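Participant: pasting the sequence and the predicted model now:
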Amino acid sequence: MPETVTQPTRSRALTRFRIVVTEQDIEKAQRNNSYKCVVSETIARTIPDATRIETDTQTIRFTRGGERLIFLTPYVVTGYVIAFDAGDPIHPFSFQLRDPMKAKRRHFTAAGHARHVAKVRAGRKVLADARRRGESIDAPEVKTAAREAAKAAYRAAKVAHPGQTQILGPGRRVTPRVFKRKARSFGYRLLRINQPTVTAG
């Protein structure tokens with residue numbers, strides 16, 4: 001397997017990376033998964049201290065050194081991701097990530113944390129009680145009950161813990177996210193109109 005190294009620039013230390021996708025990365029990756037796709041797996045191998053790695057057609061994001069770095073997805077990688085998720089055969093290739101944006105990070109205040117914990121615990125309690133009774137936690141009435149319990153707990157915690165819920169950490173403007181879950185789902189045919197199959201080498 002070829003050696004892959006991080007290549008910092010003089011002016012932007014540790015923010016330019018050469019990513020080399022190998023056959024092993026392709027075999028290990030999962031389709032339709034922003035966290036486990038071939039590009040994310042390769043980044044995880046190439047940059048061992050990167051965490052929360054996500055790859056989509058718009059951006060590639062990961063956390064490193066306490067900062068959330070956001071790179072615009074290179075054009076060739078966009079085509080590669082679409083082809084990979086569509087099940088097309090793909091081959092090893094390489095690309096560069098450079099000039100990241102740094103995301104503003106939201107942090108809970110003490111009041112916000114207390115409200116969040118109360119909401120989560122109330123919803124989980126309803127689900128746990130339903131499970132003990134032998135009911136399906138996917139049943140609509142159980143989901144509704146859990147949601148209502150969470151809302152009620154949040155309202156009570158809001159009264160008990162007034163004040164600001166979140167604060168923004170340092171960083172630049174956040175690029176809007178397209179995919180809210182790790183499962184990627186988009187129209188392959190629409191994205192591949194007038195685009196050749198990716199066969200980067």
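Facilitator: Received the coordinates, thanks. Numbering: from 1, shown residues only.
Participant: got the confidence number for residue 116?
Facilitator: pLDDT for residue 116: 91.
Participant: any idea which helix or strand carries the nearest residue in space to residue 67 that is not next to it in sequence?
Facilitator: If the residues on either side of it in the chain are set aside, residue 67 comes closest to residue 102, at 5.5 Å by C-beta to C-beta, 6 or more residues apart in numbering. Where C-beta positions appear, they are placed from N, C-alpha and C, glycine not excepted. Counting by DSSP states H and E, the element that carries residue 102 is strand 101-102.
Participant: same deal with residue 145?
Facilitator: helix 140-160.
Participant: give the rounded mean pLDDT of that helix.
Facilitator: Per-residue scores along helix 140-160 average to 93.
Participant: and that helix, what's buried?
Facilitator: 142, 143, 145, 146, 149, 150, 153, 154, 157, 158 (16 or more other C-beta atoms under 10 Å).
Participant: would you confirm that the fourth one contacts residue 120?
Facilitator: Spelled out, that is residue 146. No - counting by C-beta atoms under 8 Å, residue 146 sits too far from residue 120 to count as a contact (10.4 Å).
Participant: strand partners (parallel or antiparallel) of the strand holding residue 102?
Facilitator: strand 67-72 (antiparallel) (DSSP bridges).
Participant: domain parsing of the chain, as residue ranges.
Facilitator: 17-105+170-191, 106-168 (automatic domain parsing).
Participant: by mean pLDDT, show me the worst of these.
Facilitator: Looking at the domains of the chain, the weakest mean confidence is domain 17-105+170-191, a mean of 81.
Participant: at the geometric centre of the chain, which residue sits there?
Facilitator: Taking C-alpha atoms, centre = their mean, the centroid of the chain lies closest to residue 54, which sits 4.0 Å from it.
Participant: where does that one sit: helix, strand or coil?
Facilitator: strand (DSSP: H, G, I helix; E, B strand; the rest coil).
Participant: quick check: bridge partners of it?
Facilitator: residue 61.
Participant: helices and strands around the longest helix anywhere in the chain, which ones?
Facilitator: For the chain, the helix that runs over the most residues, judged by DSSP state H, is helix 110-132. Under the contact criterion of 3 or more C-beta pairs under 8 Å, 6 or more residues apart in numbering; DSSP states H and E, helix 110-132 touches helix 140-160.
Participant: any idea of the angle the helix it packs on forms with helix 110-132?
Facilitator: 150 degrees (axes from the mean of the first three to the mean of the last three C-alpha atoms, to 10 degrees).
Participant: ok, and what's touching helix 140-160?
Facilitator: 114-115, 117-127, 130, 135-137 (C-beta atoms under 8 Å, 6 or more residues apart in numbering).
Participant: ok, now with 6 Å
Facilitator: 114, 115, 118, 119, 122, 123, 126, 127, 130, 135 (C-beta atoms under 6 Å, 6 or more residues apart in numbering).
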